[in-house]
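Undergrad: quick one, structure for this:
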Amino acid sequence: MSTWIYMLLFATFRETEALEVQTSQPIVLAIYRRPVVLACSFHPGTSSADNSLVVTWQRVEDSQVVHSFYYRIDQLDLQSEWYRNRTQLFHSKLLEGNASLRLNSVRPGDQGRYLCSISNKDGTGKAEVQVKYADFLVAICTAPENKSAYIMKPTESFYTEPRLTVQGCSFNVTFLYETEGYPEPEVQWLDSGGQILTHNLSVTESSRAPGLLSLRTQLVVQAGEQVNYTFSLRNQVLEQVIERPMSYVSTLPSRGDGDACPRCYLALLPILFIVGSLLGCLMYFCYSRKK
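TA: This is a model prediction of the structure:
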């Protein structure tokens, strides 16, 4: 029954005049496990207090119902299970034309485009909000003067400070950078001339927190080379760039280090001489008996 009522309400207002619906923040940044507000406002007119007001939030990509409101109450029978118990409207602000949606406990799968649809006796209208997801973002929320939406402003990068590990052996030196965050970035190693170097890259799901990515990148160089390289990480979503210059001088094993093994052999010479002498005597004894 609720499905037919829902369709009837939209059919009723489909042919009415356009209602001005807008968003003060068409792109918002969502932080892992924190709430985010999707701004949507309309001109309340004189019909917001009656039963004609219909507010619907949907995913653009797959038309999932995120939240719906009509007959002055939330109508969540058609709400997608993915958003169950995570959404709310600001009911006290609806009369002022604020149809913003609060989405709690943000997950990576919440990233996408959201459509705010408003219908009342004055007409119908829509506005779209794009949600971009990232983690390790320190943000502040500020309310604009019209108090109809909230803006999230980043103050730090999404990815943790890369951890550098250097491992050396006789002929190779390995440089390892590790970091965690979201979404998957572009990673490069550059030489002093800006040329891209071949490296090993591994991106897996983080064992620390579901939905995050664990990134490991390795660069292997020959021992004896002077290293002047730059590690570069680019987060395309935020146009965030982390660059870490690196200088390192490695040396091949010196002759002095290689002399240790010949000294060991010299220490074994007396023992080898004794063993050889005994074997020689034994062979001579056996040969004499045969005669």
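
Undergrad: so, low pLDDT: which residues of this structure?
TA: Within the chain, the set of residues satisfying pLDDT under 70 comprises 1-17, 46-50, 135-158, 209-211, 237-239, 250-269, 287, 289-291.

Undergrad: could I get the buried residue list for stretch 220-234?
TA: 221, 227, 229, 231-233 (16 or more other C-beta atoms under 10 Å). C-beta here means a position set from N, CA and C on the backbone, and glycine is covered the same way.

Undergrad: just the ones of these in strands?
TA: The strands, defined by DSSP state E, take in 221, 227, 229, 231-233 from those.

Undergrad: which residues touch residue 199?
TA: Residue 199 makes contacts with 187, 189, 217-219, as judged by C-beta atoms under 8 Å, 6 or more residues apart in numbering.

Undergrad: which one of these is nearest residue 25?
TA: The nearest member of these to residue 25, counting by C-beta to C-beta, is residue 187 at 30.1 Å.

Undergrad: report how many residues lie close to the closest one.
TA: For residue 187, the count of nearby residues is 19 (other C-beta atoms under 10 Å).

Undergrad: next, the contact list for it, please.
TA: 199, 201, 215, 217, 231-234.

Undergrad: okay, these in CSV with distance to residue 84 next?
TA: CSV is the format used below for the contacts of residue 187 (distance: C-beta to C-beta, whole Å):
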residue, distance to residue 84
199, 43
201, 37
215, 32
217, 38
231, 42
232, 41
233, 36
234, 36
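
Undergrad: and of the residues you listed, the nearest to residue 281?
TA: Closest to residue 281, out of all of the contacts of residue 187 and judged by C-beta to C-beta, is residue 199, at 62.3 Å.

Undergrad: what's the burial count for residue 201?
TA: Neighbour count for residue 201, taken as other C-beta under 10 Å: 13.

Undergrad: name the element it belongs to?
TA: Element membership for residue 201, per DSSP states H and E: strand 200-205.

Undergrad: helices of the chain, start to end?
TA: 2-13, 255-258, 260-290 (DSSP state H).

Undergrad: distance of the residue most central in space within the chain from residue 203?
TA: Against the mean C-alpha coordinate of the chain, by C-alpha atoms, centre = their mean, the closest residue is residue 182 at 0.4 Å. Per C-beta to C-beta, to the nearest Å, residue 182 is found 11 Å from residue 203.

Undergrad: what do these two both touch?
TA: residue 213.

Undergrad: mind putting the buried residues of stretch 220-234 in a markdown table, distance to residue 80 included?
TA: Listed next are the buried residues of stretch 220-234 as a markdown table, based on distance: C-beta to C-beta, whole Å:
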| residue | distance to residue 80 |
| --- | --- |
| 221 | 51 |
| 227 | 51 |
| 229 | 47 |
| 231 | 41 |
| 232 | 39 |
| 233 | 34 |
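
Undergrad: go through the residues you listed and say which is closest to residue 30.
TA: Using C-beta to C-beta, the buried residues of stretch 220-234 come closest to residue 30 at residue 233, 20.7 Å.
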